[in-house]
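# Sequence and predicted model, in that order:
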Amino acid sequence: MVTKKVNNYVTSIILLIFSACTSTSNQNSSSEITSIQSVLEKQTIGWNNGNIQEFMKGYDQSDSLQFITQKGRTVGWQNVLNRYVSSYPTQKEMGKLQFKNLIVTMLDNNQAQVYGNWEVTKDSIFSGNFSLIMKKKTEGWKIIIDHTW
């Protein structure tokens with residue numbers, strides 16, 4: 001009888017500890033997801049203000065940044081910036097950007113995958129999909145791979 005009570009007590013403590021760890025992990029994930037969504041919101045604001053430099057703050061400013069589209073692969077932050085500036089030289093050509101249907105999946109504490117839809121409204125509406133790999137850096141969450149189609 002005493003052994004059964006001790007086993008129940010130990011089981012209860014283990015479940016309590018596991019529950020606390022899971023709750024903390026979920027809270028951390030929720031906080032990280034909010035931070036990731038904030039990066040994308042800031043990018044949208046920068047884009048809609050015609051400010052590609054602000055939009056680019058969401059990307060990791062490194063030579064290993066990858067931007068992949070149907071037109072090919074661009075590597076390096078400066079090259080991605082140059083591509084955006086060349087493709088969208090004016091605010092009118094940039095149009096208004098929206099990200100929709102975001103799904104953020106935490107891969108671990110410092111990396112996440114983001115899937116969603118993009119929509120740019122100019123004279124008409126252009127839209128597509130994207131999949132991002134984001135990494136938590138000292139300066140915050142940054143896009144390290146952008147696959148847009």
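It's in. These numbers come from a predicted model, not from an experiment.
# Other residues contacting stretch 32-49?
Applying CB atoms under 8 Å, 6 or more residues apart in numbering, the contact partners of stretch 32-49 are 52-58, 91, 94, 96-99, 102, 104, 106, 109, 112, 114, 116, 134, 136, 140-143. C-beta here means a position set from N, CA and C on the backbone, and glycine is covered the same way.
# Could you identify the buried members of those residues?
52, 54-56, 58, 94, 97, 99, 104, 106, 112, 114, 116, 134, 136, 141-143 (16 or more other CB atoms under 10 Å).
# and the contacts of stretch 32-49, which of them are in strands?
In strands, judged by DSSP state E, the following of these are found: 96-99, 102, 104, 106, 112, 114, 116, 134, 136, 140-143.
# Tell me where the model's unsure across the protein.
The model of the chain has pLDDT under 70 over residues 1-28.
# Now with 90, please.
Along the chain, the model assigns pLDDT under 90 to residues 1-29.
# For stretch 133-148, what is the spacing between the initial and final residues?
12 Å (CA to CA, to the nearest Å).
# Oh, that last question was meant for stretch 63-72, not what I typed.
17 Å.
# Tell me the buried residues in that stretch?
Buried residues in stretch 63-72, counted by 16+ other CB under 10 Å: Leu65, Gln66, Phe67, Ile68.
# Then stretch 120-130?
Val120, Phe130.
# Contact partners for Phe67?
Arg73, Thr74, Val75, Val80, Arg83, Asp146, Thr148.
# Please flag which of those sit within helices.
Within the contacts of Phe67, residues falling in helices by DSSP state H are Val80, Arg83.
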